[in-house]
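Student: show me the folded form of this:
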Amino acid sequence: MALTQAPAELLNLDSGLTITGTTPYLVIGDAGAEDTKIVFDGNAQDYYIGLDDSADSLLIGRGATVGTTAAITVDSSSNSSFSGLITAAAKARITDTGNTTVAALQFTDAGLGISAPTTDQMNFITADTTRMVINSSGNVGIGTGSVTVASALHVYAATGDVGITIEAAEDNGAREPFLNLKSYATNANPVINFGDHAGYPGNIQYENGDDSMRFATNGAERMFITSGGTLNVGPEYSSTAANGDFLYMPPGSFNAGVDRTSSANVCGFRNNNGEIGIININGSTCSFTNLSDYRKKQNVDYSWDATSRLKQLKPARFSWIADSTNTLQDGFLAHEVSSICPEAVVGEKDGVYTAEEAKESEYITEGEAKNQMLDSSKLIPLMVKTIQEQQALIETLQTKVKALEEA
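Tutor: Numbers count the residues shown, from 1 in each chain. Model (predicted):
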């Protein structure tokens, strides 16, 4: 080994240096306020290990000047920072002391990072608070420091509301947010549970065995939809209602039942005026009723002329255009009734749906015929009053005939 002294260097070695002894050491610097370094002089690139005395930091970087392109910095508190990518060909390990709120691997500041406080668990921390964990089973907890339920994802909030939002922000009509629940087991049923502190009394469940969708409240099934689209509310439909009250609606049909033979309202109709109509069943009969309570009526008059109005009605025979058999039926044309008994007719003659109305329903198009409807039951009072008037006239004529016969 040869030793030479260059003008700007204390020691220049043109081969290796070995320091031996019981406690060998190498000191660079004299405790003064100056930067010290070891430079590795490469063919195309230099690297250094140096002391930035002004910051009391040890730096490892690229170049020959301390502080230039530093890759690793160790400060006076023994904290390390990295300015580039960290690539591990084998394994890189960060050990933790078991602290659940202080991150072992920190980003930007001390309150943001990742820690591993227990065996096979990873905590994700912001503002010195654990926001998410992944436990040894791979289950994820959000808003909690531990996953205590047997699910792959547990979202928790100690106070306030908590929710999950799935959002597709791209506005081109081809992106739709979705949530999939899938099981490959034949009889395993995907389910969404709804609960409180006491358990999960409500759920929506897809029955893979018969391809039905089932809905439960208060721990019991209340409604289901069959694979064919039939809606069943209450107990499963049967030829009788022995299992309880039910509503049964196969496609294109409507059925309601009650578990008794006494009077029961199976359907009601209401508006801002309250109840205005019901469908009632009693024993072996069914009644379709409208509001007729005297407490809802005013301007009651019994002395009006029904016969002259009834005579204006034009009962007709006709066949329906949609009926290929052209079977004749008895009835009325709605617009011919509207001026005589307007309360029996809904709609106007030659009416069509407007653009605004078409927007409110996918089954309506602008310009489509808005058909007039006729409630024939509204003609009954007119007919009854006419019969009464005719009966009074008959009785008057009978009295006159009798008087003539006795004269």
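
Student: contacts and neighbour counts: CA atoms only from here.
Tutor: Noted.

Student: could I get the CA-only coordinates of stretch 143-150 as PDB?
Tutor: Extracted in PDB, the C-alpha atoms of stretch 143-150 (Å, rounded to 0.1, in the frame of the first residue of the first chain):
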ATOM      1  CA  GLY A 143     -63.300   2.400  10.700                       C
ATOM      2  CA  THR A 144     -62.300  -0.200  13.300                       C
ATOM      3  CA  GLY A 145     -59.000  -1.400  14.800                       C
ATOM      4  CA  SER A 146     -60.100  -5.100  14.700                       C
ATOM      5  CA  VAL A 147     -62.400  -7.200  12.600                       C
ATOM      6  CA  THR A 148     -64.800  -8.900  15.000                       C
ATOM      7  CA  VAL A 149     -67.400 -10.200  12.600                       C
ATOM      8  CA  ALA A 150     -67.000 -13.200  10.300                       C
END
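
Student: neighbouring contacts of it?
Tutor: For stretch 143-150, contacts defined as Cα atoms under 8 Å, 6 or more residues apart in numbering pick out 100, 123, 130-135, 139-141, 154-157.

Student: buried residues in it, which are they?
Tutor: For stretch 143-150, the neighbour count (16 or more other Cα atoms under 10 Å) marks G143, T144, G145, S146, V147 as buried.

Student: kindly report the same for stretch 322-341.
Tutor: Result for stretch 322-341 [16+ other Cα under 10 Å]: buried residues F332, L333, A334, H335, E336, V337, S338, I340, C341.

Student: distance from that stretch to the middle of the chain?
Tutor: What separates the centre of stretch 322-341 from the centre of its chain is 47 Å, taken as Cα atoms, centre = their mean, to the nearest Å.

Student: need the residues that contact it.
Tutor: By Cα under 8 Å, 6+ apart, stretch 322-341 touches 309-310, 312-320, 344-345, 348-349, 372-374, 378-379.

Student: ends of that stretch, what's the gap?
Tutor: End-to-end distance for stretch 322-341, by Cα to Cα, to the nearest Å: 27 Å.

Student: still on that earlier bit, could you list which of the contacts of stretch 322-341 belong to helices?
Tutor: Judged by DSSP state H, helices contain the following of the contacts of stretch 322-341: R309, L310.

Student: sorry, back to before: can you tell me which of the buried residues of stretch 322-341 end up in helices?
Tutor: A334, H335, E336, V337.

Student: of all the residues you listed, which comes closest to L231?
Tutor: Comparing those against L231 with Cα to Cα places A334 closest, at 34.7 Å.

Student: and that closest one, what pLDDT?
Tutor: Per-residue pLDDT puts A334 at 97.

Student: now swap in V66 and tell me
Tutor: 87.

Student: ok, it touching Y47?
Tutor: No - applying Cα atoms under 8 Å as the test, V66 and Y47 come out as separate, 9.7 Å apart.

Student: and the contacts of stretch 143-150, which are buried?
Tutor: By 16+ other Cα under 10 Å, those give 100, 123, 130-135, 139-141, 154, 156 as buried.

Student: where along the stretch 1-150 of the chain do the strands fall?
Tutor: Taking DSSP state E, counting those that start in this stretch as the criterion, the stretch 1-150 of the chain contains strands spanning 3-4, 12-13, 36-40, 47-52, 57-62, 70-74, 80-82, 105-107, 109-115, 122-126, 129-134, 140-142.

Student: for the fourth one, enumerate the helices and strands it packs against.
Tutor: Taking 3 or more Cα pairs under 8 Å, 6 or more residues apart in numbering; DSSP states H and E as contact, the helices and strands that strand 47-52 lies on are strand 36-40, strand 57-62.
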